[in-house]
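Asks: Please find the sequence and the predicted model below.
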Amino acid sequence: MPLMREIRYGGLRQALLVGGIFLACLSSISCAMQSSSADTGGPTDPASAILTFCDDGVSDCPASTSFSLSSIRDLVVKVDWYNVAPGNHSQELRILLPEGGTYESSQTGFLIDSGAQGMFSTSRAVRMAGSWAAQRQEIGKWTAEVLLDGQVVTSQTVEMMQ
Amino acid sequence: MSGNFRRSVSVSTKQTVVFLVVLTLTLAPALSAREQYTIQKSATNSQLRAADATLNQASATTNYSGLPTLTVSSHSGNRNERALVQFDLSALPNVGVKAASMSLYFQSFPGAARTYGTYGVTSFYSEGGVSWTNRFSTATPASTTPWGAAGGDYNGTATNTQTIPSNGTSCPATTPTKVTFNVTNDILTAYNGGTNFGEEIKDSAENSGTARTTVFYSKEAANSACAPQLQLTYVQNVTSLAATPGNGSVTLNWTNPTPISGATVLEPYQGTLILRRASAPVDKNSYPTDGNDPAMCSTLGNGVVVFDDKTSANTFTDTGVCGGLTNGTTYFYKVFVRDTANNYSTQSAGGTTSSAYTSEISATPAATAANRYSSNWVNATYSNDLGAPSLYPGDVIMVGTGTNLLFGVNATTGVRIYPPVSLGGSVTSRSPLIGAAESALGADLVYAGDSSGYLYAIAADTGQIIWVVNPTATTTNAFMGGGAVRLTALLSPPGTPIYDLVVVGTNIAGNTTGNQIIGVNGSTGAVVWSAAGNTGSNPKMDIINSTPLVDYVNNVIWVTSRSNGGTAQPSLWKINPTTGKVLATANLGDTDSSPTFNTASTVLYVGTNAGIIYAINPATGQPFTGTSHYTSNDGSVVGYPVVVTSSLNIDTVIFSGSTAVHAVNYNTLANTFTPAWANPVTVLVPSAPATYPGLGEIYVGGNDGLIHEINLATGVDDFDVTVNLNNGYNGDPAFVGDPSLDLLLNRLYVSTNDQRAYSFTFPF
């Protein structure tokens, strides 16, 4: 998969992101319990993830949460993980249609080294152009749902417009 | 397991007390079983779809499969070893699973007690190409795919852990030592629409200074009794469920299950429980809970209990119990088998997702026979994809899913032939299905490409993957269109070359110029040729979302593509099937629909994303001179145009746009298009149309939950069949996909975005 173009965070933005993660964890929306297979010495906060989206048919693939189904080429979904315990893990990214069914499911294994601060990023280009979903106008709120080791950690809706 | 408590045992009073305590504690599992069946490779169970291998860290790229043993080792210095074990569940395709346990037999022991965990594998791998580093590897074409994490991709949380004894009795023996893992959750996932890549077994404390190694027997063990075992506890579904509508009534008939040969019967079956819902199927979260006996007319989820039988009945006539039936309304029935302890043919609630797709059927009563109809069958595919099901007429249909599965379904009964095939990515288009009589390999084969860029040849009657390749050797490609197969049996002379040629087009993410059209040997998966865009004299090639067309008359391959949003680069490609040489191109603008020939293969029709139908001269690959195109002004052409040669020199081209179904006549002498109907037929976001010469009717699915039957001659939408009027999202109807027509059975098959496939008899 082509990696989404690097999204660079300034100090302020990173601080906001960390704050956002903290708030999300408070509401238990985007956090998971630490994996039981975690080695000792890893992060102690629950694992969390942030999802961002862009259309790789648009120059520089700017992040957005709404797209035109008739013009989007690939929906690039980037998952940034935080506080993941050291060890082997499996990410599942589910792209759900408005009616709840799965448009695409992709699995990615990854390893968190003890020195990696529990951070890891993945990127997936979900084909949209010419798909049955585009042709049959599956407009509405799509959902990207990300699981860590079989447990849902967070989800984020994306608006697909005509 | 409950069966253990049925055996006669002689115990002392004190032991009896202990026994009763244990029995009390285990009452729930004792009731949760109907049949138990043990899967193990043997002379009678070939385990075609099973896989096992050792991943050896010290020889990280070496494949250790096909050996009689599997090794798990904890050893410092990057010398750990892990075992992969995957079972073929084909013996039990239509069951509700209650429990699953995996047993491994020892050849040798670690010398000190160890703790091993079993983990559900989460990524596709090929048995013959898997290693510590790679999950997939082929020499031809040269391609490897590494695991996301070396040593295997698996859930970070163990499904189960067990203590491995320091020593014991090696297999074979009268009572060999074995270790048994509870893998219920992973097997439930596989039966609930998830993938099944098996288990990975590893030491919970790797990198031991002293090597602690266990050698288990694999499925290749010389003594098959020592091969890995998977014991499943389950309740079967009914089969041959059929519905007959009447005037204000619906009669259901079905066949109750009989125990599978070789299974241990734990609780006898005693009947069925049936839920009913109007206008839409009873959803997967509506089901009875094991151990309960719901009251008649009670509501479970969005279904009402209309039949509560404990007499093993195999028929039920619904004349309006729990609320009268209304003529013209479609009713959906969901049938659960139950045993004497009221365990139902649902998946156990112990899994990560508890749900139940059991046998379903629909019927529409009416006052007059002409207006009554029913589905032949309904099958849960967990798929929302709307591509036409693959079809071998009268035999099997296959449906690919966005959840990386490929289902094989008996076309007559609607019953799954085997548990779905787990793939490396989603399958979004119709995959070609070739019968043994036509196939160069002499086998019923389906060729499927997935969203991870893998191309598979799969035996349609078993689900066994015959070969799998990554023909681009990259991870950036997806196959979004289906493949086309040039059958050597149809060549003149036949048999040259000796293989069938599978042709596919790539969809490389973010790439508008360098896509490829690839010809693959259908017998081996070897790449025969590749026509790459922007390479050599080839012009730029944008993504391909369509299925190529094999032209036996002109001995070429036709492929459509996108053209980077304009007409500056080609979107129609004429390819030499022997060499892959690009023979001609045409700049028609972005095209996602597949090309179609008329009966005589003298005119090629191409529908573009601008809603224009072109008549192409196959000799030149360019539009005929004259008015050789028709503009619908109705958005992209969906799927493919369908061509019926209605009279001498007149082709009727039927195609769907965004809002309607269109029919135009093309005069092959005058090279002119004229509308065939007074007006296009309005259908809410229509599917691709389906018809064939002589039928006189066109079938189209819509976003209105209906299949429309349109008269070819008049353009009148003269009968609609209800598929599903409520898909659960805002009360919207289901979207009905592209129909496949089975001319042997006179049946029509569609997928819908309600995760089901349906069959109806046509003409309506």
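Replies: Sure, I can see it. Residues are numbered from 1 along each chain as shown, chains lettered A, B, ... in the order given.
Asks: how many neighbours does the residue in chain A that chain B sits nearest to have?
Replies: For chain A and chain B, the shortest gap (C-beta to the nearest C-beta) falls at residue A:109, measuring 2.6 Å. Bear in mind the C-beta positions are built from the backbone N, C-alpha and C, glycine included. Residue A:109 has 23 neighbours, counted by other C-beta atoms under 10 Å in any protein chain shown.
Asks: Ok, residue B:48 next?
Replies: Neighbours of residue B:48 using other C-beta under 10 Å come to 14.
Asks: list the contacts for it?
Replies: Neighbouring residues of residue B:48 by C-beta atoms under 8 Å, 6 or more residues apart in numbering or on different chains: B:88, B:90, B:459, B:462, B:463, B:464.
Asks: let's see 10 Å
Replies: For residue B:48, the contact set (C-beta atoms under 10 Å, 6 or more residues apart in numbering or on different chains) comprises B:41, B:88, B:90, B:418, B:459, B:462, B:463, B:464, B:465.
Asks: And for residue B:668?
Replies: By C-beta under 10 Å, 6+ apart, the residues touching residue B:668 are B:598, B:600, B:602, B:603, B:615, B:624, B:645, B:648, B:649, B:650, B:651.
Asks: 7 Å instead?
Replies: B:602, B:603, B:649, B:651 (C-beta atoms under 7 Å, 6 or more residues apart in numbering or on different chains).
Asks: By neighbour count, which of those wins?
Replies: When neighbours are counted by other C-beta under 10 Å, residue B:651 leads the contacts of residue B:668 with 25 neighbours.
Asks: Give the pairing partners of the helix or strand containing that one; include direction for each.
Replies: Counting by DSSP states H and E, the element that carries residue B:651 is strand B:650-656. Next to strand B:650-656 in the sheet, as set by DSSP bridges, lie strand B:642-647 (antiparallel), strand B:660-667 (antiparallel).
Asks: which stretch in those strands has the least confidence?
Replies: Averaged per stretch, pLDDT over the strands paired with strand B:650-656 is lowest on strand B:642-647, reaching a mean of 86.
Asks: For it, list the C-alpha coordinates in PDB.
Replies: The C-alpha coordinates for strand B:642-647 follow below in PDB (Å, rounded to 0.1, in the frame of the first residue of the first chain):
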ATOM      1  CA  VAL B 642     -26.000  -6.300 -22.800                       C
ATOM      2  CA  VAL B 643     -26.500  -6.800 -26.500                       C
ATOM      3  CA  VAL B 644     -29.300  -8.700 -28.200                       C
ATOM      4  CA  THR B 645     -29.300  -9.000 -31.900                       C
ATOM      5  CA  SER B 646     -33.000  -8.300 -32.500                       C
ATOM      6  CA  SER B 647     -33.100  -8.400 -36.300                       C
END
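Asks: got the contact list for that strand?
Replies: The contact list for strand B:642-647, computed with C-beta under 7 Å, 6+ apart, reads B:596-599, B:605, B:651-654, B:689-691, B:693, B:712.
Asks: and residue B:96, bridged to which residues?
Replies: Each beta-bridge partner of residue B:96 is listed here, defined by DSSP bridges: residue B:235.
Asks: show me the contacts for it.
Replies: Contacts of residue B:96 by C-beta under 7 Å, 6+ apart are B:234, B:235, B:344, B:345, B:346, B:347, B:356.
Asks: picking that back up, can you add distance to residue B:170, neighbour count and secondary structure and give the contacts of residue B:48 back as JSON lines?
Replies: Listed next are the contacts of residue B:48 as JSON lines, based on distance: C-beta to C-beta, whole Å; neighbours: other C-beta atoms under 10 Å in any protein chain shown; DSSP: H, G, I helix; E, B strand; the rest coil:
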{"residue": "B:41", "distance to residue B:170": "19", "neighbour count": "21", "secondary structure": "coil"}
{"residue": "B:88", "distance to residue B:170": "26", "neighbour count": "23", "secondary structure": "coil"}
{"residue": "B:90", "distance to residue B:170": "30", "neighbour count": "20", "secondary structure": "coil"}
{"residue": "B:418", "distance to residue B:170": "34", "neighbour count": "22", "secondary structure": "coil"}
{"residue": "B:459", "distance to residue B:170": "36", "neighbour count": "20", "secondary structure": "strand"}
{"residue": "B:462", "distance to residue B:170": "33", "neighbour count": "19", "secondary structure": "coil"}
{"residue": "B:463", "distance to residue B:170": "34", "neighbour count": "25", "secondary structure": "coil"}
{"residue": "B:464", "distance to residue B:170": "31", "neighbour count": "19", "secondary structure": "coil"}
{"residue": "B:465", "distance to residue B:170": "33", "neighbour count": "22", "secondary structure": "strand"}
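Asks: what does the model give residue 7 for pLDDT?
Replies: With no chain named, the answer covers chain A. On the pLDDT scale, residue A:7 is placed at 30.
Asks: oops, I was thinking of chain B
Replies: 31.
Asks: swap in residue B:469?
Replies: On the pLDDT scale, residue B:469 gets 97.
Asks: Isn't it up against residue B:525?
Replies: Yes: Residue B:469 is within contact range of residue B:525, at 3.9 Å (criterion: C-beta atoms under 7 Å).
Asks: that older thread, so which of the strands paired with strand B:650-656 is the most surrounded?
Replies: Stretch with highest mean neighbour count among the strands paired with strand B:650-656: strand B:660-667 (a mean of 22; mean count of other C-beta atoms under 10 Å in any protein chain shown).
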